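Novice: Quick one, fold the following:
(chains A and B)
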Protein chains: 2
Amino acid sequence: MSVHLAPEEIEAESFRIIDAEVGPHPWGPAEWPVVRRAIHTSADFDYARTMVFSPRAVSRGVEALRKGLGIVTDTTMALSGIAKPRLGRFGIGAACFVADPDVAREAKAQGITRSILAMRKGAADRGNGIFVIGNAPTALFELLRLIREEGVRPELIVGLPVGFVGAAESKDALLALEDEFPDIPFITNRGRKGGSNVAAAVVNALLILAEEAG
Amino acid sequence: MSVHLAPEEIEAESFRIIDAEVGPHPWGPAEWPVVRRAIHTSADFDYARTMVFSPRAVSRGVEALRKGLGIVTDTTMALSGIAKPRLGRFGIGAACFVADPDVAREAKAQGITRSILAMRKGAADRGNGIFVIGNAPTALFELLRLIREEGVRPELIVGLPVGFVGAAESKDALLALEDEFPDIPFITNRGRKGGSNVAAAVVNALLILAEEAG
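Specialist: Model prediction:
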């Protein structure tokens, strides 16, 4: 019974199962650890075919992490899923502004999502950092607007909002960013699925790669 | 574009899409809001057929919440996904012990998961509370052991661990609990899927029902 396996054995065995069940796949050695961790955290093999990386997104994401640039998330859940000891190793600060009182107040006043205002605050706070969106399509749309209209230049976008209204569309819009801003790397997926857990898993995979690169 | 919808309109529209795409289903009026919120948070329609409720689990879970009993989660992510203002309304304290230094120290010393020790600490702290497991099969197996061997009697178990090693088995074991302890209500699903996001969504759905019942 699994209860008798040590934690590191459980993870290794999980990865063996994922490798075996996915079989031959198109992912390179840079991307596969990221895709595999997304599957590991969700038990959802859809990610083996829906994830999309801009060119060199993994190596550039790893570089950004090793520089110790700040992380902004759209949800406290994504923030809480990112491995804090690993962040500490690179001196990375991570923040989520969605629960801030001024964000809540403004969202109510303007009738827009708190996620939009949380992204604005994140961009003001750490505009060239790593943006991690695991829930709100409105956050991803707003980040794209901040890039186009306000000169925000993230070092990496992890764009994995989930849901039925706007999530797939927001990720299509992120994919289209590549033509205009080929220098902004992103990791995303196609379709409705996603989530704070998957977004955090992607960041954790990059953090592990960053440690291995050290 | 979704960005122009108010937050409450986005949720209502999401629920309309879920209702339309699921079509006729076997869920009663008590369970459907819970199943639907699991789908809403994951964009995964599998939950429409894999979720399992013990008899009257929803009404008993709502009762437990209205009593203000404490919540223990296996991950900080599940804890962070539970709506804090709603908890506050019922005076519910929620805790996760997995990141506690004594838990980490003991886990290392014994070569077992931190999740196991976090459940033990949770049971010692609030044994008749609500246990929410969104990640670790080992946490759910340990909770079942605590019930059988140490007299722990949760008022509700939300058992939705995810993964490839032990998750499905731990949920089968939870389902088997009903024969021995018919008075312990649970909400779970069959198979590998689950997650802290889905577990938190189930609790949030119950909290909304608890508010509506008030």
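Novice: Between helix B:196-213 and the helix ranked longest in chain A, find me the angle.
Specialist: Criterion DSSP state H: the longest helix present in chain A is helix A:196-213. Comparing the axes of helix A:196-213 and helix B:196-213 via axes from the mean of the first three to the mean of the last three CA atoms, to 10 degrees yields an angle of 150 degrees.
Novice: for chain A, what spans make up the strands?
Specialist: A:51-53, A:71-73, A:94-96, A:130-133, A:156-159, A:186-189 (DSSP state E).
Novice: any idea which of those strands is most buried?
Specialist: strand A:130-133 (a mean of 29; mean count of other CB atoms under 10 Å in any protein chain shown). Just so you know, the C-beta spots here come from the backbone N, C-alpha and C atoms, and that holds for glycine as well.
Novice: okay, it in CSV with CA atoms only?
Specialist: These are the backbone C-alpha positions of strand A:130-133, laid out as CSV (Å, rounded to 0.1, in the frame of the first residue of the first chain):
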residue,chain,number,x,y,z
ILE,A,130,6.9,36.4,-13.6
PHE,A,131,3.1,36.4,-13.9
VAL,A,132,1.3,33.3,-12.9
ILE,A,133,-2.4,33.1,-13.8
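Novice: For that strand, what is the distance to the chain centroid?
Specialist: 5 Å (CA atoms, centre = their mean, to the nearest Å).
Novice: ditto for stretch A:144-155
Specialist: 17 Å.
Novice: how about it: buried residues?
Specialist: A:144-147, A:152, A:154-155 (16 or more other CB atoms under 10 Å in any protein chain shown).
Novice: Among the residues you listed, which pair sits farthest apart?
Specialist: A:Arg145 and A:Glu155 (18.3 Å; CB to CB).
Novice: Look at the spatially most central residue of chain A and report its pLDDT.
Specialist: Centroid-nearest residue in chain A: A:Val158, 3.0 Å away (criterion: CA atoms, centre = their mean). pLDDT, A:Val158: 98.
Novice: Repeat that for A:Cys96.
Specialist: 97.
Novice: where along chain A do the helices fall?
Specialist: A:7-22, A:32-42, A:47-50, A:57-66, A:76-81, A:84-89, A:101-110, A:114-126, A:137-150, A:167-180, A:196-213.
Novice: ok, back up a step: can I get the strands of chain A in a markdown table including distance to A:Leu174?
Specialist: Below are these laid out as a markdown table (distance: least, CB to CB, whole Å):
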| stretch | distance to A:Leu174 |
| --- | --- |
| strand A:51-53 | 9 |
| strand A:71-73 | 16 |
| strand A:94-96 | 19 |
| strand A:130-133 | 9 |
| strand A:156-159 | 5 |
| strand A:186-189 | 5 |
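Novice: Please name whichever of these is nearest to chain B.
Specialist: strand A:94-96 (9.2 Å; CB to the nearest CB).
Novice: Return the list of strands paired to the closest one, each annotated with direction.
Specialist: strand A:71-73 (parallel) (DSSP bridges).
Novice: Leaving out sequence neighbours, find the closest residue to the residue nearest to the centre of chain A.
Specialist: A:Val132 (4.5 Å; CB to CB, 6 or more residues apart in numbering or on different chains).
Novice: For that neighbour, give me its contacts.
Specialist: A:71-74, A:78, A:82, A:158, A:199-200, A:202-203 (CB atoms under 8 Å, 6 or more residues apart in numbering or on different chains).
Novice: Identify the farthest-apart pair in those residues.
Specialist: Longest span within these, CB to CB: A:Val72 and A:Val202, 14.6 Å.
Novice: pLDDT weak spots in chain A?
Specialist: A:1-4 (pLDDT under 70).
Novice: For the residue lying closest to A:Ile17 once chain neighbours are set aside, give me its contacts.
Specialist: Once flanking residues are discounted, A:Ile17 sits nearest to B:Phe164: 4.3 Å by CB to CB, 6+ apart. Listed by CB under 8 Å, 6+ apart, the contact set of B:Phe164 reads A:13-14, A:17-18, A:40, A:43, B:192.
Novice: Kindly recompute the last result at 10 Å.
Specialist: When contacts are counted by CB atoms under 10 Å, 6 or more residues apart in numbering or on different chains, B:Phe164 touches A:2, A:10-11, A:13-18, A:20-21, A:39-40, A:43, B:137, B:192.
Novice: of all those residues, which two lie farthest apart?
Specialist: A:Ala20 and B:Pro137 (19.2 Å).
Novice: The two: which is more packed in?
Specialist: B:Pro137 (30 against 9; other CB atoms under 10 Å in any protein chain shown).
Novice: From B:Ala78, how far off is the residue nearest to A:Ile17?
Specialist: 19 Å (CB to CB, to the nearest Å).
Novice: go on, A:Pro101?
Specialist: 24 Å.
Novice: which one of those two has more residues nearby?
Specialist: Neighbour totals were compared for A:Pro101 and B:Ala78, and B:Ala78 leads with 33 against 7 (other CB under 10 Å).
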